[in-house]
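Chemist: starting from these lines, generate the structure:
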Amino acid sequence: MSDDRDERGRFVAGNGGGPGRPRRAIEREYLAVISEAVTLDDWRAIVAHAVEVAKAGDEKARAWIAKYVIGDAPISLTELLARELLDIDPDLEVLAKVDEISETPSSFAFSTPPTFVERVKEIKAKIARAETQAEQERRKAERKAQKAAQLPTAPSGDADATERATTGAN
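Modeler: Numbering: from 1, shown residues only. Just a heads-up that it's a prediction; the model follows:
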């Protein structure tokens, strides 16, 4: 059995499976008809209307806009801050993800200058370091909170006992 499936042939946790089946010819034809019928100006008007009704409180319009603006699985604010602090180019990050997804480097990587490919590798390394640092800080804060929760508390009114417990003095 391969590493991405269990003994019953199901994908194991953490493996999203393959890319899915390719679109059938009929689906491609329908999409082509839709793209011919809806001009960019039509689409701009649709989006502008969706923005207006979203501002007025329409939950479905807000969800539709959010799906296209921030995606189904947006990054956390911490990740966003880390990427900004590390000055990571979002375009290069996307290319790094493309190479990460495929088992062999993308054909795009073969036609790009080596300096560009090296920059993508540097960004991947920066992201890994930022994620490691964030995880270490999270664990440190968790340990600090656990330690604080374990400190003995003195009966109310006994400030001297509280002082001794926190400083270790007798």
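Chemist: could you check how far the biggest helix by length in the chain is from the centre of its chain?
Modeler: Longest helix in the chain by number of residues (criterion: DSSP state H): helix 114-150. Chain-centre distance of helix 114-150: 14 Å, with C-alpha atoms, centre = their mean, to the nearest Å.
Chemist: buried sites along it?
Modeler: 117, 119-120, 123-124, 126-127, 130 (16 or more other C-beta atoms under 10 Å). (C-beta placed from N, C-alpha, C; glycine too.)
Chemist: now for it, which elements pack on it?
Modeler: helix 77-85, helix 90-101 (3 or more C-beta pairs under 8 Å, 6 or more residues apart in numbering; DSSP states H and E).
Chemist: looking at those, which is nearest to residue 71?
Modeler: helix 90-101 (11.9 Å; C-beta to C-beta).
Chemist: now residue 7: how far from residue 14?
Modeler: 17 Å (C-beta to C-beta, to the nearest Å).
Chemist: ok, now residue 146?
Modeler: Counting by C-beta to C-beta, the gap from residue 146 to residue 14 is 28 Å.
Chemist: what does residue 122 give?
Modeler: 26 Å.
Chemist: looking at residue 154 now. What's its pLDDT?
Modeler: On the pLDDT scale, residue 154 is placed at 54.
Chemist: follow-up on the earlier one: next, format the buried residues of helix 114-150 as CSV and append distance to residue 29 and pLDDT.
Modeler: Below are the buried residues of helix 114-150 laid out as CSV (distance: C-beta to C-beta, whole Å; pLDDT from 0 to 100):
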residue, distance to residue 29, pLDDT
117, 38, 68
119, 40, 75
120, 36, 72
123, 39, 78
124, 39, 78
126, 44, 82
127, 40, 81
130, 45, 83
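Chemist: contacts only, for the residue sitting nearest the centre point of the chain.
Modeler: Centroid check for the chain by C-alpha atoms, centre = their mean gives residue 75 as the closest residue, at 3.4 Å. For residue 75, the contact set (C-beta atoms under 8 Å, 6 or more residues apart in numbering) comprises residue 83.
Chemist: that one: what secondary structure?
Modeler: coil (DSSP: H, G, I helix; E, B strand; the rest coil).
Chemist: roughly how far apart are it and residue 81?
Modeler: 10 Å.
Chemist: residue 133 too?
Modeler: 12 Å.
Chemist: just residue 69 next, same as before
Modeler: When residue 69 is compared with residue 81 (using C-beta to C-beta), they lie 19 Å apart.
Chemist: out of those two, which sits in the busier spot?
Modeler: Neighbour totals were compared for residue 69 and residue 81, and residue 81 leads with 13 against 8 (other C-beta atoms under 10 Å).
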